[in-house]
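Asks: coords please:
(chains A and B)
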Number of protein chains: 2
Amino acid sequence: MPPETREPMRHAGMRERNLAVLLGVIAANQPVTRARLAALTGFTKTTVSNLIAVLAEAGLVHDGDMLHEGDRGRPGIGVSVNGTGAAGLGLEVNVDYLAAAVLDLGRRVRYRLLVAADNRNRKPAEIAVALARLAGQAFDSAAEQGLPVIGATVALPGLVDRSGMFRAPNFPWDDVPAAAFTDLGLSGLKLPTRAENEANLAALGELWFGAGRANLGDFVHVSGEIGIGAGVVLDGRVFQGAHGYAGELGHLQVDPAGEPCACGARGCLERAAGRDAILRAAGLGDMLADHALAGPLEPLSALTTLLDSGDPAATEAVGRAGEALGRALTDVVKVIDPDTIVLGGIFSTIAPWTLPSVEKALRAGGLYGQVPTVVVSSLGEHAAVLGAAGRIIEHLYSDPALLLR
Amino acid sequence: MPPETREPMRHAGMRERNLAVLLGVIAANQPVTRARLAALTGFTKTTVSNLIAVLAEAGLVHDGDMLHEGDRGRPGIGVSVNGTGAAGLGLEVNVDYLAAAVLDLGRRVRYRLLVAADNRNRKPAEIAVALARLAGQAFDSAAEQGLPVIGATVALPGLVDRSGMFRAPNFPWDDVPAAAFTDLGLSGLKLPTRAENEANLAALGELWFGAGRANLGDFVHVSGEIGIGAGVVLDGRVFQGAHGYAGELGHLQVDPAGEPCACGARGCLERAAGRDAILRAAGLGDMLADHALAGPLEPLSALTTLLDSGDPAATEAVGRAGEALGRALTDVVKVIDPDTIVLGGIFSTIAPWTLPSVEKALRAGGLYGQVPTVVVSSLGEHAAVLGAAGRIIEHLYSDPALLLR
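Replies: All right, here's what the predicted structure looks like:
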C-alpha cells in the first residue's frame, strides 16, 4: 500500500509562515526589539527587519519607544502589535436572542450587544433583516473607533453541514442554507462572512477569552441554552468531525424510555436538561408562554431566585438536569477522554446547584484515571459571539499575509 | 493572552524530515529513478542522490535494474525499498489467546501465530513467560529469513494509561504496570518494546493492512472480543485522548437498568454485546466453562453453525447484540462524527447477522447527514497484532534516521 506521503517543504509558503510566526512572537512579548525578536525566533536580524516592514505596511504592527532590554543590551526600538490595525465582527442568531461583538487585533472587546428576540416565531428572512441591522450598528461603532473590520462570523444554534445547510431542530422551519444568515446585504461592506455552529464557536470563545486561557488541555465546552451542544477542542483547535456534526451532546440518549425528541430519537439529553425542560420541571413553565416579552434572561433569573430561596421543586429540577448532563458527559469522556469539561451557557449560571450532581454522575460512571476536571465558564452566554469575532482575529494571526492579498 | 506560538522551521530536523519524505515517495513509486524522484519531491538531483546514499547505508533502499521512464527520458537505475532491510515484531496478549507477527519493511507478513491461552486463569508473570516464548520463536523465524527485527509492540486488551499502568476489567487481577509484558527478558535481544491498547492497534492494523486501505477517512474500528473496545483514527492517526482512554466503547451505557459491570457502572455495552454475553444468550454458555480446552475460536464456530442453521435463539441473541452495538455507536457518531465505522473482531465473523441490526439502530438514532458508512473488517482477530508490528515499520518510515542513531 502507498505510505503516507508528505509534501516536502517548499519556499513558496515560507514567507507567509514566517510572517505568522513573527506576529505571534511580537504579540506574546510586546513591546520587543528587533534584536530580541531575532533571538526568540532564530531568524536573522535582516529577516526580522524585512518581515516587520511587511507587517507594518499592512498596519498590523508599529514601532514605539526605545527599550533597554536586560542590563547589558543596547537600546532598540520597541515593536508592538497595532491593536487598531484590524477588527473582527462576531454575530449570533440564537433561539431567543441575537448578539454582536467586535474584537480588535489586540483581542480587546470593543463592542458587545445582546438583544432578546423570539426567533422561533420568525421566518429566516425576518431574522436576517434584524441581524443585518445589528451588524450595521456594530460596524458603525467600529468605524467610529477607527477599526477596520476585515471579516465576520455568524454563530448559528445548530448544525451547519459541509454543504452549507443549517439544520436546527429547535426552530419550526425546515433546513435552510446557512447563506440566509451570511448574505446580509450590508450595502458597501462586502465583508467575507461565514456561518458556524454556535457550540463550536462558544468553545473557541472559552479557549481564547475565558477559562481556556488557563491551559485546559483538550476540553469539551458545554453550550447550555434551549438546546444543548458541545464544542470539542483538541490540540487548541475545534474538532468538527467528518461532516461538521461532532459534539452533538444534546441528542445523546439519557433515557431509552424518555419522551420523543424533534431529532427523531427519544430520551435525548436536551429533553431532560435543556433550558425549557428545566424551567417546566421547576414550575416556571408559565414564563415560557410570555417568552417573546420576557427575553432570554428573565426566566433564568426567576429560576435562580427560586434556587436561592431553597425552593424544593426548583432544586430537584436542577439536580436532575445535572445528573442527566453528567451521565451524557460520562459517555463523551469514554469516547474522547478530554482533560477538562467546561460548563457554559445556562449551566454556568446555575452551576452552584448542578455542578455537584454532574460530578457525582461522572464519579459513578465507571471512569478510571480519566475523570476530567469540571470547570465553570466565565463567559456564559457571551462565549459564542466572542468566539465568532475571535475567529477573524485568529485567522489573521495565523496568516497575516491575508491582508496583503 | 499569548497567541499560539509556533517554532520557526530550523535546519536541524530538515535532513531527518527529507529522509522520511524520500523514503515514502520511493515506497509509493518503486522502482523509480533518481531523476523522477527529484521531479516528484522538488529536491535537487544532488539532494536526492545524497539522501539515497544515507538510506542505502542504513539498508533501507537499494539500487536495481536500469529503467526507461516514459518515451523520451534517458534510462536510469531503479531505486526500491529493501524489503528485508528491517522488520517489526508484534505481540498480543488477549483474554483467551496470545499472538505474534513479524512484518518486513515492504509491509509483508513474514510470520503470524495465534495460540489459545486461558489468560484469565493465569498470573501476569505466567502470561509474560508464555509471551516471551512466542516472541523468541518469532524472532528466530525472522532471523532465519534474514530479517533484522528493530523493535516490538505488545497489544494489551485494555487501557494502558499515561503512567504505564495496564488496567483490564476482564482480568481477575489488579492493575499491573504494562512493563510486566514488555520487559520480557529476551536475553541478548534488547529490543525497544512498548505496550499499547489492543483496540487502538487493531484500528491501525485495519488502516494499514485491511479495510483502511480503501481511504475510509476518519473511522472508528470496533474490536469485539470478550471485551469491546474501539480505536479512533483521525487524520490517519490513532486518537488516544488526554489520558490514553479514548474509544472506551464497551463501557458506554446501553441500558440504565442493566446488570452491573466490572467497571463499576451498569448496563454497559460489553454486558449486552461482548462475546460471552452473546454466547450465553444463544444457549452456548456451556462452552465457556470448557474454555481453556476449547480455545477462542471453537465457541464462535459453534455460534455461526447455529446461525447458519437458522436457530431462533442464536439469531435473536446476535440481532439484539447488534442493536445494542448500533445504539452505542449512535452516541459515538454524535460525539465525533466519523466517516466510517469498521466492525472488527467477532463482529466481523457474525457480520451477516449483526450488520442489519447495527445499521437499523443507527438509522433510528436521530442522525442527519452524518450516518456513517459501516464496513466489515477483513482482518478480524489478526488486526491488533498486525497493527502492533506495523507500528514499528511505520515509525521507521516516518523517521528513517532512527536506524542511523
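Asks: Okay, domains of chain A per the record?
Replies: Annotated domains of chain A cover A:14-81, A:87-202+A:384-404, A:213-378 [automatic domain parsing].
Asks: Same list (those) but as TSV, adding distance to chain B and mean neighbour count.
Replies: From N, CA and C alone the C-beta is placed, and that goes for glycine too. Shown next, in TSV, are the domains of chain A (distance: least, CB to the nearest CB, whole Å; neighbours: other CB atoms under 10 Å in any protein chain shown):
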stretch	distance to chain B	mean neighbour count
domain A:14-81	4	17
domain A:87-202+A:384-404	5	20
domain A:213-378	3	21
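Asks: so which of those domains gets nearest B:L103?
Replies: domain A:213-378 (28.7 Å; CB to CB).
Asks: need the helices for chain A, in chain order.
Replies: In chain A, the segments counted as helices under DSSP state H are A:14-29, A:34-41, A:45-57, A:124-144, A:198-209, A:269-273, A:275-281, A:285-289, A:291-294, A:297-308, A:312-336, A:346-349, A:351-363, A:383-398.
Asks: still on that earlier bit, now the domains of chain A as a markdown table including mean pLDDT?
Replies: Compiled in a markdown table, the domains of chain A are given as follows (pLDDT from 0 to 100):
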| stretch | mean pLDDT |
| --- | --- |
| domain A:14-81 | 89 |
| domain A:87-202+A:384-404 | 89 |
| domain A:213-378 | 89 |
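Asks: for the ones you listed, which one sits closest to B:L249?
Replies: Among the domains of chain A, domain A:213-378 sits nearest to B:L249 (CB to CB), with 7.5 Å.
Asks: chain center to that closest one, what's the gap?
Replies: 16 Å (CA atoms, centre = their mean, to the nearest Å).
Asks: Would you format the helices of chain A as TSV with distance to B:A202 included?
Replies: As requested, the helices of chain A are arranged in TSV below (distance: least, CB to CB, whole Å):
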stretch	distance to B:A202
helix A:14-29	37
helix A:34-41	43
helix A:45-57	47
helix A:124-144	46
helix A:198-209	30
helix A:269-273	30
helix A:275-281	40
helix A:285-289	49
helix A:291-294	51
helix A:297-308	47
helix A:312-336	17
helix A:346-349	37
helix A:351-363	28
helix A:383-398	36
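Asks: still on that earlier bit, mind putting the domains of chain A into TSV with distance to B:D276?
Replies: Shown next, in TSV, are the domains of chain A (distance: least, CB to CB, whole Å):
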stretch	distance to B:D276
domain A:14-81	54
domain A:87-202+A:384-404	39
domain A:213-378	18
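Asks: picking up where we left off before, just so I know, which of the helices of chain A lies nearest B:A272?
Replies: Across the helices of chain A, closest to B:A272 is helix A:312-336 (CB to CB), at 14.9 Å.
Asks: relative to helix A:297-308, how tilted is the closest one?
Replies: Orientation check (axes from the mean of the first three to the mean of the last three CA atoms, to 10 degrees): helix A:312-336 against helix A:297-308 gives 110 degrees.
Asks: Give the other helices and strands that helix A:312-336 contacts.
Replies: With contacts taken as 3 or more CB pairs under 8 Å, 6 or more residues apart in numbering or on different chains; DSSP states H and E, helix A:312-336 sits against strand A:219-224, strand A:228-234, helix A:269-273, helix A:275-281, helix A:297-308, strand A:340-345, helix A:351-363, helix B:312-336.
Asks: A:L55 and A:V21 touch, don't they?
Replies: No. With contact defined as CB atoms under 8 Å, A:L55 does not count as touching A:V21 (11.3 Å).
Asks: Export the helices and strands packed on helix A:312-336 as JSON lines, with columns for distance to A:T193.
Replies: Output for these, formatted as JSON lines (distance: least, CB to CB, whole Å):
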{"stretch": "strand A:219-224", "distance to A:T193": "21"}
{"stretch": "strand A:228-234", "distance to A:T193": "20"}
{"stretch": "helix A:269-273", "distance to A:T193": "28"}
{"stretch": "helix A:275-281", "distance to A:T193": "28"}
{"stretch": "helix A:297-308", "distance to A:T193": "27"}
{"stretch": "strand A:340-345", "distance to A:T193": "24"}
{"stretch": "helix A:351-363", "distance to A:T193": "34"}
{"stretch": "helix B:312-336", "distance to A:T193": "28"}
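Asks: Just tell me which of these ends up closest to A:R36.
Replies: Short answer: strand A:228-234, nearest of these by CB to CB, at 31.4 Å.
Asks: Direction included, what does that closest one pair up with?
Replies: If you go by DSSP bridges, strand A:228-234 pairs up with strand A:219-224 (antiparallel), strand A:237-238 (antiparallel).
Asks: can you list the ones you listed in CSV and add distance to B:T373?
Replies: Formatted as CSV, the strands paired with strand A:228-234 follow (distance: least, CB to CB, whole Å):
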stretch, distance to B:T373
strand A:219-224, 26
strand A:237-238, 24
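Asks: do you know which of those lies nearest A:G319?
Replies: Going by CB to CB, the one of the strands paired with strand A:228-234 nearest A:G319 is strand A:219-224, 14.9 Å.
Asks: ok, and what's touching that closest one?
Replies: A:198-199, A:202-203, A:206-207, A:212, A:228-233, A:247, A:249, A:273-275, A:325, A:329, A:332, A:336, A:338-348, A:372, A:377, A:383-384 (CB atoms under 8 Å, 6 or more residues apart in numbering or on different chains).
Asks: how long is stretch A:108-126 end to end?
Replies: 31 Å (CA to CA, to the nearest Å).
Asks: what do you get for stretch A:205-215?
Replies: 14 Å.
Asks: buried stuff in that stretch?
Replies: Using 16 or more other CB atoms under 10 Å in any protein chain shown as the test for burial, stretch A:205-215 gives A:205-212.
Asks: so which of those also contact chain B?
Replies: A:208-209 (CB under 8 Å from any CB of the partner chain).
Asks: which of the buried residues of stretch A:205-215 lies closest to A:I77?
Replies: Distances from A:I77 to the buried residues of stretch A:205-215, taken by CB to CB, are shortest for A:W208, at 29.1 Å.
Asks: Would you mind listing the residues in contact with the closest one?
Replies: A:107, A:386-387, A:390, A:394, B:1.
Asks: Make JSON lines out of those and add distance to A:G366.
Replies: JSON lines is the format used below for these (distance: CB to CB, whole Å):
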{"residue": "A:R107", "distance to A:G366": "41"}
{"residue": "A:L386", "distance to A:G366": "36"}
{"residue": "A:G387", "distance to A:G366": "33"}
{"residue": "A:G390", "distance to A:G366": "37"}
{"residue": "A:E394", "distance to A:G366": "37"}
{"residue": "B:M1", "distance to A:G366": "36"}
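Asks: for the residues you listed, which one is nearest B:L113?
Replies: Here the nearest of the contacts of A:W208 to B:L113, counting by CB to CB, is A:E394; it sits at 51.8 Å.
Asks: distance of that closest one from B:A246?
Replies: Going from A:E394 to B:A246 by CB to CB, to the nearest Å gives 26 Å.
Asks: One more: A:A388?
Replies: Between A:A388 and B:A246 the computed distance is 29 Å (CB to CB).
Asks: same check, this time on A:L103
Replies: Distance, A:L103 to B:A246, by CB to CB: 33 Å.
Asks: How about A:N119?
Replies: 36 Å.
Asks: Hmm, A:T153 and A:R391 touching each other?
Replies: Yes. Using CB under 8 Å, A:R391 and A:T153 qualify as a contacting pair, with a distance of 4.5 Å.
Asks: what residues do the two have in common as contacts?
Replies: A:88, A:90, A:196, A:201.
Asks: Tell me which residues touch the first one, please.
Replies: Right, A:G88. Taking CB under 8 Å, 6+ apart as the test, what A:G88 contacts is A:102-103, A:149-153, A:389-393, A:396.
Asks: from those, which single one is nearest A:G217?
Replies: Nearest to A:G217, judged by CB to CB, of these is A:G390 at 19.3 Å.
Asks: Not including adjacent chain positions, what is the nearest residue to the closest one?
Replies: Distances taken as CB to CB, 6 or more residues apart in numbering or on different chains place A:W208 nearest to A:G390, at 4.7 Å, with adjacent residues excluded.
Asks: Contact partners for A:L216?
Replies: A:207, A:233, A:339-340, A:342, A:373, A:375.
Asks: Many thanks, we can stop here.
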